[in-house]
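*Asks:* Give the three-dimensional model of this entry:
(one chain, ligands or ions: 2)
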Amino acid sequence: MPNDDQNRPTLCILHLEDSLNDHALVLREFQRSGEAVTLQRVESLGEFENALKTAYFDVILADYRLPGFTALDAWQLMNHNKIRRPFILLSGAIGESAAVKAIQMGISDYLPKDDLSKIRHITQRAIEMHRILIAKETADTELAHSERQLASFAEHLQMTIENERAAIAREIHDDIGGSLAAIRFDLSWIERHTVDKATLDHVQTATDMLHHAVQASQRIMMNLRPAILDQGLAAAIQWLANNFSKRSGIETLVQAQLPTEQLSRTIQLTAYRTAQEALTNVSKYAQCSLVKIELTGDDRFVTLEITDNGCGMNDSNLALTTGFGIKGLKERAKTIGGWVDVSSKVGFGTSITLSIPIPDGQVTTEEH
Ligand SMILES: Nc1ncnc2c1ncn2[C@@H]1O[C@H](COP(=O)(O)OP(=O)(O)OP(=O)(O)O)[C@@H](O)[C@H]1O
Ligand SMILES: [Mg+2]
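*Replies:* Ligands and ions are numbered 1, 2, ... in the order given. Here you go, the predicted structure:
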C-alpha cells in the first residue's frame, strides 16, 4: 500500500520556545511520528515577528511563559500584523485563567508539554480547523458581497420600474387623456348642432364609451403611478382598500394612525406596493370574507399589516411558488432597510407585515 505520509509536503513550524531542551523534545516527537517537518525556533518577540514576516509557517507552537512576555503577547503581535496562522500553546501548566483568556482570544489549541505524544494529531487538527475557519470566513465575505450586490440590483430594478411606470402614466395622461378630452369636446359640439334622433343616439353611445375610456385610463394611470400618494400614505391605502372592496365584494377595514405626510416617497411607495400585492394575493388565493389593513407608526418606525380571514397557506406554498410577489416585496423592503413577515396557518388566514425603521432625517418627501 502506498504510504500517504511520503507524499505529504514538509510541515513548516515556528516554535516559540526559550528552552533548547524542550525544542529538541518536540523535534524528536515529530521525527518519531514520521512527519516531515522543519522546525524553526525563536525565543524573543522580535525574532518571532521577523520570522513571521520572512517565511510562511503552517502552524505556530508557543511556550506560554517566556522571558519578559507570554504567548498571548506573541498572539497579539501576530494579529496586529494581520497574520493568521493556527497557534497552539505548547506549555507546562498555565493555570485556568490563562487558558480561558487564550480561548477567548481565539488561540487554536493547548497541549501540555508532558503530553507530547499527541503533538502530531493536535497540529494536524489545528491546521485543518484553521483552514475551515478561513474558508468559512471567505465564503461569508463573498456571500455578504453578493447579497449587497443583489440588494443594490433589486433597488435599481425597482427604481427603473417605478420610473418607467411614471413615464407610461404621463404618456397616457398627455396623449390619450388629451385625445379623449378633444373627443368629448367634439361630441358635445355635435350634440348641440343636431336635432336628428339617430345621430343623437349615436352621440349618447359614444359619450358613454368615452366615459368608460376616461375611467379606465384614470384607473390604469393610478395603478402605474399612484398620484393619490400625494395625499399621504393613509389616504392612498384607504383608496386602494375602497377600490379593492368594490371590485372583490370583500369587506375591507382600514385603520391608519400615522403622520404619513412626513414619510419619504420611497417608503410610501414601498408600503403602497406591498398593500397592492397583498390585496392582489387575497383576491387570487384567500377566499375570505374580511380583510383588515393596519397602518401604524411614528417618526422612527412604520408598520403595515394586511390580514385576511381566508384559507391560509403552509410553508410549502411559499417555498414552491414560481411567483415573485412575496419574494419581490421582501427584496423591496430590504432596499429601504425594512423587512416583510408572512404569518399564515391553513384555515386561519394570512398576515403580511411590512416593518420599516425610519432613518434619522428621512421624514420628508425626497423624490417623485
Ligand atoms: N392571502 C393569501 N392566502 C392564501 N395563500 C396565499 C396568500 N398570499 C399568497 N398565498 C400563497 O403564496 C404563494 C406565493 O405568493 P406570491 O405573491 O409570492 O406569488 P403569486 O401570487 O403566485 O405570483 P405573482 O405574485 O408573481 O403573480 C401563492 O402562490 C399562494 O399559494
Ligand atoms: Mg402574488
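*Asks:* Which residue does this protein have closest to ligand 2?
*Replies:* The shortest separation between the chain and ligand 2 is 2.6 Å, found at Gly325 (distances taken as C-beta to the ion). In this view, the C-beta of every residue, glycine as well, is placed from N, C-alpha and C.
*Asks:* Hmm, Glu277 and that residue touching each other?
*Replies:* Yes - contact criterion C-beta atoms under 8 Å: Gly325 and Glu277 qualify, at 4.9 Å.
*Asks:* hmm, back to that, which residues does the residue of the chain closest to ligand 2 contact?
*Replies:* Applying C-beta atoms under 8 Å, 6 or more residues apart in numbering, one finds that Gly325 lies in contact with 277, 280-281.
*Asks:* how close does it get to ligand 1?
*Replies:* With distances taken as C-beta to the nearest ligand atom, to the nearest Å, Gly325 is found 2 Å from ligand 1.
*Asks:* again, but for Asp201
*Replies:* When distance is defined by C-beta to the nearest ligand atom, Asp201 is 43 Å away from ligand 1.
*Asks:* Pull the number of nearby residues for Ala126.
*Replies:* The burial metric for Ala126, expressed as a neighbour count using other C-beta atoms under 10 Å, is 22.
*Asks:* Lys113 too?
*Replies:* By other C-beta under 10 Å, the residues close to Lys113 number 17.
*Asks:* what number of residues lie near the closest residue to it other than its chain neighbours?
*Replies:* Among residues not flanking Lys113 along the chain, Gly92 sits closest, at 5.4 Å (C-beta to C-beta, 6 or more residues apart in numbering). Under the neighbour criterion other C-beta under 10 Å, Gly92 is assigned a count of 11.
*Asks:* One more: the one 4 residues further on?
*Replies:* Neighbour count of Glu96, defined by other C-beta under 10 Å: 8.
*Asks:* And it, what's its pLDDT?
*Replies:* Predicted confidence (pLDDT) for Glu96: 77.
*Asks:* One more: the one 4 residues further on?
*Replies:* Model confidence at Val100, given as pLDDT, is 81.
*Asks:* hang on, it in a strand?
*Replies:* No - secondary structure of Val100, determined by DSSP: H, G, I helix; E, B strand; the rest coil: helix, with no strand assignment.
*Asks:* okay, now it: neighbour count?
*Replies:* Using other C-beta under 10 Å, Val100 has 10 other residues around it.
*Asks:* just the one 3 residues further on next, same as before
*Replies:* Neighbour count for Ile103, taken as other C-beta under 10 Å: 13.
*Asks:* Any regions of the stretch 201-350 of the chain where pLDDT drops low?
*Replies:* Flagging of the stretch 201-350 of the chain using pLDDT under 70 yields the residue ranges 259-261.
*Asks:* Helices of that one, start to end?
*Replies:* Per DSSP state H, counting those that start in this stretch, the stretch 201-350 of the chain carries helices over the ranges 233-248, 265-281, 315-320, 325-335.
*Asks:* Deepest-packed of these, please.
*Replies:* Each of those was scored by mean neighbour count; the highest is helix 265-281, a mean of 22, by mean count of other C-beta atoms under 10 Å.
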